[in-house]
Structure formats: C-alpha cells, structure tokens
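Asks: mind folding the following:
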Amino acid sequence: MKKLYVVLAVCLLWACQVTTAGAEGFALTEWSSRGLSLAGGMVGRADDPSAIAYNAAGITQLPGTHVMGGFAAIAPMGTIDLDLADGSHTSTTTKPHIWAAPHAYITHQMNDRFWLGLGLFSRFGLGNEFADNWTGRYNLTNINFQTFSLVPTVALKVNDVLSLSAGVEIMHASFAMGQQIPSMQYIGYIPSRGEDSKMTLNGTGWGVGAQLGAHLRMTDELSLGFSYKSPVTLNIAGSADFSRHQSNMLADQGQVPHTIDTDVHSTVHLPDSFALGLAYRPLENLSFEVGTVFTRWSTYDSMNIYCPTQGGVKPPPLGGGF
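Replies: Purely as a prediction, here's the structure:
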C-alpha cells in the first residue's frame, strides 16, 4: 500500500508541473506569514490555523484550541508608458501606498471526530492611485477594492487517513474610485474648456459563498490536499459625488455623466477557485510542497456601476495586482 501511495505521489508531482503560469488577477493569497513565505504551499500540509483559508480539512491535525492572527502589508508600484496620438510620449508612476490585508483564525477540537474553525481573511483586493493631472485621469485617478471573508467551518476526521471540511463564506466588500470629468461651456457663442470635476465613488456590499476541503494523509511523509471556494455574488450600493456642479456641454451630448450627486449600485460576480497540493516531509524539520491553484477568471466579465439618475458609469476593468 505504501508503494501505491508513492506511485500516486510521483504522478501528482508530474501532473502539477506547468509550462505556463497565469496571473492571479486581483485575487489575494496572503493569508498567513508562513503561507506567504511558502508561496501558498499550505494546501497539502494544512497543519496550522491558517488552514481555514488554504484547506480547512487540515485543522483535524490540530489538537485542542489554536489561535493565529496577523496581516500582510502590500505596496504595489507600477509605471505606465503612453504613446499619444500627437506623437509625444509620456510616463506615469503610481503613487506609493501600503495596503493592509489582515487575517485571524481560531480552531477548536470538539472530540475525536469533529473540529470547529473560524477564519477572517481577504480573498480579493486591488489598489492604485495616480496624480490628478495624469494623462489617463478621465478614465481613472484612484481605485480601491477590498473584500473580507468571515468563514465559520466544521471539519470531520473520517478516519486516520481522510478528513473533510465545509464552511460558509460571508464576504463584505468595499469599493472606491476617483475619476476626472472634463467639461465644455459656451462663453457667448464660443465653446470653451471648463475646469474638470472630480468624481468620487464609494460603495459597500455583501455576498455569500461556500468553501469545501479534503485532506488525505497517505503516509507519515506524504499528504494530499484539495480545496474549493465557490463563486460569490456581491451586491454593492453607494454614492457618486462630484467636486463641481457646473453645466457641461459634453454631458448634454452624452459623452460624460452629468455632475449630479447620485446613488449608485453594482452587482459583481467573483470567480470560484480550486487548489491542489501535495506535501512531502522527509524529515521532521524539512518539508516540500508542490501544487496548483486554478481560478476561473473566465466567469468574471466586468464591473458596471449604474447611476439611476443618469445611466451607467463603467470604470476600467479590475485587473493586475493589489
């Protein structure tokens, strides 16, 4: 039987090798300092309280009660090079900013078969900010999208080899975006460029999903983990506020929104994801894990923000890293 597990492990190691890697979009996986240092290699081992985020079936390896907490500090930076229609070239660097992604977990063993867990962590996020006068200011000046998931979980130790878990994900999201609105007014009979108005959009919302996990302890050295996080639909509501409320010929022509403070709403469909990890521990203080995460970004289309009083305002697609 042990030889069969070794053959299975070799096959999985081979299957997990990839020739290309895709970006994570605006997904976050900074769910513990240990998981961050191991590049997310916590699905197969899943042997500390952060397993609630990576693969909650692994909490059956934790006797008694365990508590863990912390945060990741994320500092994105990028430069955009633009070739303009008039033949000129410009370059813009995002403003420096540090975003915090906190996490907290508690697990408790009820008896020899059942464990309870509760986790708080962030699965999706994006943040960037540009100067108010940069070339793309009419598309975007700043954006901040962040989610926090509260996941109560129950794990079942079926036998000494197999453990299973199921959890309910309660997700809260906050969204903020800034954009400049150009204006044109008539001075006499001559159309003239007016001052820009800054649009500030803020919204919050909730969604519910599910998380499932399985952990297979094949030998003392080999363990295999699988986890699934379901899609989450967020219903976001908020407001759009403008710094100036002047008449605008461009708004009358439907080219830009009218600078009228208004309520807004949006529905966001966040994708589901699958994770597979195979851990190998040849020594007590030495271990390896190979794995893969597949997020179905093909199910995510766009985030359209609707203003009941004046149609829709569509921000740039969320993408890149947080």
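
Asks: check contacts around the nearest residue to D160 once chain neighbours are set aside.
Replies: Closest residue to D160 apart from its sequence neighbours, by CB to CB, 6 or more residues apart in numbering: R217 at 7.1 Å. Placement of C-beta: from N, CA and C, glycine included. Under the criterion of CB atoms under 8 Å, 6 or more residues apart in numbering, the neighbours of R217 are Q61, D160, V161, L162, S163, S223.

Asks: center of the protein, which residue is that?
Replies: Taking CA atoms, centre = their mean, the centroid of the chain lies closest to F124, which sits 1.3 Å from it.

Asks: wait, isn't that residue in contact with F148?
Replies: No - using CB atoms under 8 Å, F124 and F148 do not qualify as a contacting pair, with a distance of 9.8 Å.

Asks: doesn't F274 make contact with S227?
Replies: Yes - judged on CB under 8 Å, S227 makes contact with F274 at a distance of 7.4 Å.

Asks: more neighbours: those two, which one.
Replies: Regarding S227 and F274, a neighbour count based on other CB atoms under 10 Å identifies S227 as having more, with 26 against 14.

Asks: for the nearest residue in space to D263 that is not next to it in sequence, give its distance to F288.
Replies: The spatial neighbour of D263 that comes closest, neighbours along the chain excluded (CB to CB, 6+ apart), is S239 at 5.5 Å. Counting by CB to CB, to the nearest Å, the gap from S239 to F288 is 50 Å.

Asks: also G119?
Replies: Look at G119 and F288: by CB to CB, they are 25 Å apart.

Asks: between these two, who's got more neighbours?
Replies: Neighbours per residue, other CB under 10 Å: of G119 and F288, the larger number sits with G119, 27 against 14.

Asks: list the buried residues in the helix or strand harbouring the more buried one.
Replies: Take DSSP states H and E as the rule and G119 turns out to sit in strand 114-121. Along strand 114-121, these residues count as buried under the neighbour rule (16 or more other CB atoms under 10 Å): W115, G117, L118, G119, L120, F121.

Asks: and what of stretch 219-233?
Replies: Residues of stretch 219-233 classed as buried by neighbour count (16+ other CB under 10 Å): E221, L222, S223, L224, G225, F226, S227, K229, V232.

Asks: CA atoms of the helix or strand hosting the fifth one as CSV?
Replies: Which is G225. Following DSSP H and E, the helix or strand that holds G225 is strand 222-229. In CSV, the C-alpha atoms belonging to strand 222-229 read as follows (Å, rounded to 0.1, in the frame of the first residue of the first chain):
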residue,chain,number,x,y,z
LEU,A,222,3.0,12.3,2.2
SER,A,223,-0.2,14.2,2.4
LEU,A,224,-2.5,15.5,-0.3
GLY,A,225,-5.0,18.4,0.0
PHE,A,226,-7.8,19.8,-2.1
SER,A,227,-9.9,22.8,-1.6
TYR,A,228,-12.7,24.6,-3.4
LYS,A,229,-14.0,28.1,-3.0
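
Asks: so what strands line up beside it?
Replies: Sheet neighbours of strand 222-229, with direction, are listed as strand 197-217 (antiparallel), strand 273-283 (antiparallel) (DSSP bridges).

Asks: now those strands as a markdown table including mean pLDDT and distance to Q180?
Replies: Listed next are the strands paired with strand 222-229 as a markdown table, based on pLDDT from 0 to 100; distance: least, CB to CB, whole Å:
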| stretch | mean pLDDT | distance to Q180 |
| --- | --- | --- |
| strand 197-217 | 95 | 6 |
| strand 273-283 | 94 | 35 |
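
Asks: so which of these gets nearest I98?
Replies: Between I98 and the strands paired with strand 222-229, the shortest gap by CB to CB is with strand 197-217, which sits at 20.4 Å.

Asks: quick revisit: give the pairing partners of the strand holding G119; include direction for each.
Replies: strand 99-109 (antiparallel), strand 142-157 (antiparallel).

Asks: adding mean neighbour count, mean pLDDT and distance to T29, write those strands out as CSV.
Replies: Putting the strands paired with strand 114-121 into CSV (neighbours: other CB atoms under 10 Å; pLDDT from 0 to 100; distance: least, CB to CB, whole Å) gives the following:
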stretch, mean neighbour count, mean pLDDT, distance to T29
strand 99-109, 19, 94, 10
strand 142-157, 20, 95, 13
